[in-house]
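Chemist: model the following, please.
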Amino acid sequence: MPASSARPRRRPAPARSSRRGQSSGSRPARAPALDRSSALEQALDASAAAAPPEPRDFAQLGLPSALVTALARRGISAPFAIQARTLPDALAGRDVLGRAQTGSGKTLGFGLPMLARLAADRRDVSGGRPRGLVLVPTRELARQVADALAPLGQPIGVRLATVYGGAPMGRQIEALRRGADVVVATPGRLIDLLERGAVRLDGIAVTVLDEADHMADLGFLPAVTRLLDLTPPGGQRMLFSATLDRGVARLVDRYLDDPAIHAVAAAASPVSDAEHLVFSVRREDKLSLAAEIAARPARTLLFVRTKHGADRLARQLGREGVAASAIHGNLNQGQRQRAIDGFAAGRHRVLVATDVAARGLHVDDVDLVVHYDPPNDHKTYLHRSGRTARAGAGGTVLSFVEREQAREVSRLLAAANVTADETAVRPGHPLVKGLASSGVPVVVHEPTADTSSRAGRHPRTGGGAANRRSRSSKAPARSRTPAIRAAAPGAR
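Modeler: This next block holds a predicted model:
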């Protein structure tokens, strides 16, 4: 199914163009191709710096009453900043370019307008002809998006299906044939299903690209452009990305028509609510230090560079008396999901992950992220670190750095605009003991059918007031950091 080699600029459908003048989003002036990325970045920065919109509830933003009720039933009453910015334009049918940090609630920022539009324009979707498409880079993110949107779509008659690798294709084909209004998909598996004739994209009215920069990092942009070329011109498109490099700006220019531009955080901003620490360590001490810290009562997420390294560290921690699971690309979907669900439910407090989980893992109350191995670049540092300090909560980000890695990590932190306190430590150091005793003890939840939905829902969707109160009642890791420092005066 070859993709078109050239695509003319789309002309907005009349119904959409009649509403363009009511938009609140900023519009960058047309620029030469070489300056296009810079112009878009400047427009995003300007949007992030602009005064936030006046506080309004979902009904005041124009969301249909059925969806307002569905949100209220899930304890979600007040929109997060990115939702308040994007919803009026997206509900009006405009294309949207968005930038928001992890945990900001952007899933509802694009998901609610999609659900509203499809609920208002019903038609037969049996035989694999959906009306909405959400493209995501990882299977974990596909599940998170579906878990957030499916319960909201169900009461208004909008059905979702997830399509990703590592899961039985036959079940996905059957779900598409029964009829799904929205398909949440990774690009590779969706192309496989297209080539098998199990799905068609000629009825797509709304398309979303979530975490487009990560899709570029993974080399998915050729597949993404192929899929977009198969959707009808004139449909609504929304793209969310932390940065516009590596071809993302060209994607915006080719497929988004005069987009409304909204941002709530600068692309290069650090995880500002987290405390960043660097421990200078000897290689022979790394495992002992990791085991001492990971024995803490709260959740700890450790990142390593390789799949074998993840399995090895999980085994080593187990021999040290710390139960840990590993997640990486060599596991099948069932294995990966069991590891995530066990971590979210508290059945094990430690998860060792490769960067495959840096974008797709969304679990509440992870207040310590450890870079056991340094990341490859500053973007990966920020993505990994974004697993903590989510949606305004506190957290701590710790990097283990061996002597020969010090210069590389220093450059990486500077590029990430992160200032980190550096201390040379050995096992038993007061700072290590302080981290080992930090954190609110994890409450173990017995597994239920919707555990994964609850675990990942609030950070991405915005959650409800009850959830926000629950988090605020827990002392975040950041508030404990001064006490940890005080235990070792002059340690720097």
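
Chemist: report how many residues lie close to Thr107.
Modeler: 28 (other CB atoms under 10 Å). The way it works is simple: take the backbone N, C-alpha and C, and place the C-beta from them, glycine included.

Chemist: pLDDT averaged over the host helix or strand of it, what's the number?
Modeler: Assigned by DSSP states H and E, Thr107 falls within helix 106-120. Helix 106-120 carries an average pLDDT of 95.

Chemist: so how far is it from its chain's centroid?
Modeler: 17 Å (CA atoms, centre = their mean, to the nearest Å).

Chemist: so which bits of that helix are buried?
Modeler: 106-119 (16 or more other CB atoms under 10 Å).

Chemist: do the same with stretch 407-417
Modeler: Applying 16+ other CB under 10 Å to stretch 407-417 flags Val409, Leu412, Leu413, Ala416 as buried.

Chemist: swap in stretch 277-290?
Modeler: Across stretch 277-290, burial judged by 16+ other CB under 10 Å covers Leu277, Val278, Phe279, Ser280, Val281, Asp285, Lys286, Leu287, Ser288, Leu289, Ala290.

Chemist: out of these, which are inside strands?
Modeler: Among these, the residues falling in strands (DSSP state E) are Leu277, Val278, Phe279, Ser280.

Chemist: for stretch 109-123, list the C-alpha coordinates in PDB.
Modeler: Only the C-alpha atoms of stretch 109-123 are listed here, as PDB (Å, rounded to 0.1, in the frame of the first residue of the first chain):
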ATOM      1  CA  GLY A 109      -6.500  17.700  25.900                       C
ATOM      2  CA  PHE A 110      -6.800  15.800  22.600                       C
ATOM      3  CA  GLY A 111      -9.000  13.000  23.600                       C
ATOM      4  CA  LEU A 112     -12.100  14.900  24.800                       C
ATOM      5  CA  PRO A 113     -12.500  16.900  21.500                       C
ATOM      6  CA  MET A 114     -12.100  13.700  19.600                       C
ATOM      7  CA  LEU A 115     -14.700  11.900  21.600                       C
ATOM      8  CA  ALA A 116     -17.100  14.900  21.400                       C
ATOM      9  CA  ARG A 117     -16.800  15.100  17.600                       C
ATOM     10  CA  LEU A 118     -17.300  11.400  17.000                       C
ATOM     11  CA  ALA A 119     -20.200  11.200  19.400                       C
ATOM     12  CA  ALA A 120     -21.900  14.000  17.500                       C
ATOM     13  CA  ASP A 121     -21.300  12.400  14.100                       C
ATOM     14  CA  ARG A 122     -22.300   8.700  14.400                       C
ATOM     15  CA  ARG A 123     -21.900   6.200  11.500                       C
END
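
Chemist: got the contact list for it?
Modeler: Outside stretch 109-123, the residues that touch it by CB atoms under 8 Å, 6 or more residues apart in numbering are 58, 63-64, 66-67, 80, 82-83, 85-87, 90-91, 93, 96, 98, 100, 131-132, 134, 145, 148-149, 152-153, 156-158, 181-182, 203, 205-206, 208, 210, 236, 238, 240.

Chemist: which members of the residues you listed occur in helices, if any?
Modeler: Using DSSP state H, the subset of the contacts of stretch 109-123 located in helices is 66-67, 82-83, 85-87, 90-91, 145, 148-149, 152-153.

Chemist: so where's the stretch 251-400 of the chain shaky on pLDDT?
Modeler: Across the stretch 251-400 of the chain, the ranges flagged by pLDDT under 70 are 265-272, 356-362, 389-393.

Chemist: dump the buried residues of helix 106-120 to a markdown table, plus distance to Gly386.
Modeler: Formatted as a markdown table, the buried residues of helix 106-120 follow (distance: CB to CB, whole Å):
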| residue | distance to Gly386 |
| --- | --- |
| Lys106 | 13 |
| Thr107 | 15 |
| Leu108 | 18 |
| Gly109 | 17 |
| Phe110 | 19 |
| Gly111 | 20 |
| Leu112 | 23 |
| Pro113 | 24 |
| Met114 | 24 |
| Leu115 | 26 |
| Ala116 | 28 |
| Arg117 | 30 |
| Leu118 | 30 |
| Ala119 | 32 |
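
Chemist: just the closest of the residues you listed to Gly395, please.
Modeler: Nearest to Gly395 out of the buried residues of helix 106-120 is Lys106 (CB to CB; 19.4 Å).

Chemist: look up how far Thr225 lies from that closest one.
Modeler: Separation of Lys106 from Thr225 (CB to CB, to the nearest Å) stands at 22 Å.

Chemist: Asp257 belongs to a strand, doesn't it?
Modeler: No. Applying DSSP: H, G, I helix; E, B strand; the rest coil, one finds Asp257 to be coil, outside a strand.

Chemist: how about it, phi and psi?
Modeler: Backbone geometry at Asp257, expressed as degrees, to the nearest 10, gives phi -100, psi 110.

Chemist: wait, it sits on Leu97?
Modeler: No. With contacts counted by CB atoms under 8 Å, Asp257 stays clear of Leu97, the gap being 10.9 Å.

Chemist: that older thread, now the two most distant members of the ones in strands among the buried residues of stretch 277-290.
Modeler: Leu277 and Ser280 (10.7 Å).

Chemist: shared neighbours of these two, which are they?
Modeler: Residues touching both Leu277 and Ser280 (CB under 8 Å, 6+ apart): Glu422, Thr423.

Chemist: before we move on, the earlier item: adding distance to Gly334, write the buried residues of stretch 277-290 out as TSV.
Modeler: Formatted as TSV, those follow (distance: CB to CB, whole Å):
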residue	distance to Gly334
Leu277	35
Val278	37
Phe279	35
Ser280	40
Val281	35
Asp285	36
Lys286	31
Leu287	29
Ser288	33
Leu289	32
Ala290	27
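
Chemist: among those, which one sits closest to Leu221?
Modeler: Closest approach to Leu221 among those (CB to CB): Val278, at 33.9 Å.

Chemist: beta-bridge partners for the closest one, please?
Modeler: Ser399, Glu422 (DSSP bridges).

Chemist: and Val401, how many residues sit next to it?
Modeler: Val401 has 22 nearby residues by other CB under 10 Å.

Chemist: which ones are touching it?
Modeler: Val278, Phe279, Ser280, Val281, Pro374, Val409, Glu422.

Chemist: follow-up on the earlier one: quick one, the helix holding Thr107 and helix 81-91 angle?
Modeler: Relative orientation of helix 106-120 versus helix 81-91 (axes from the mean of the first three to the mean of the last three CA atoms, to 10 degrees): 30 degrees.

Chemist: pretty sure Ala90 is touching Gly98, no?
Modeler: No. Using CB under 8 Å as the test, Ala90 is too far from Gly98 to be in contact (9.1 Å).

Chemist: quick revisit: kindly reformat the ones in helices among the contacts of stretch 109-123 as TSV containing neighbour count and pLDDT.
Modeler: Output for the ones in helices among the contacts of stretch 109-123, formatted as TSV (neighbours: other CB atoms under 10 Å; pLDDT from 0 to 100):
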residue	neighbour count	pLDDT
Ala66	15	94
Leu67	23	96
Ile82	25	91
Gln83	29	93
Arg85	28	93
Thr86	33	94
Leu87	26	95
Ala90	30	97
Leu91	17	96
Val145	27	94
Ala148	25	94
Leu149	24	96
Leu152	23	96
Gly153	23	95
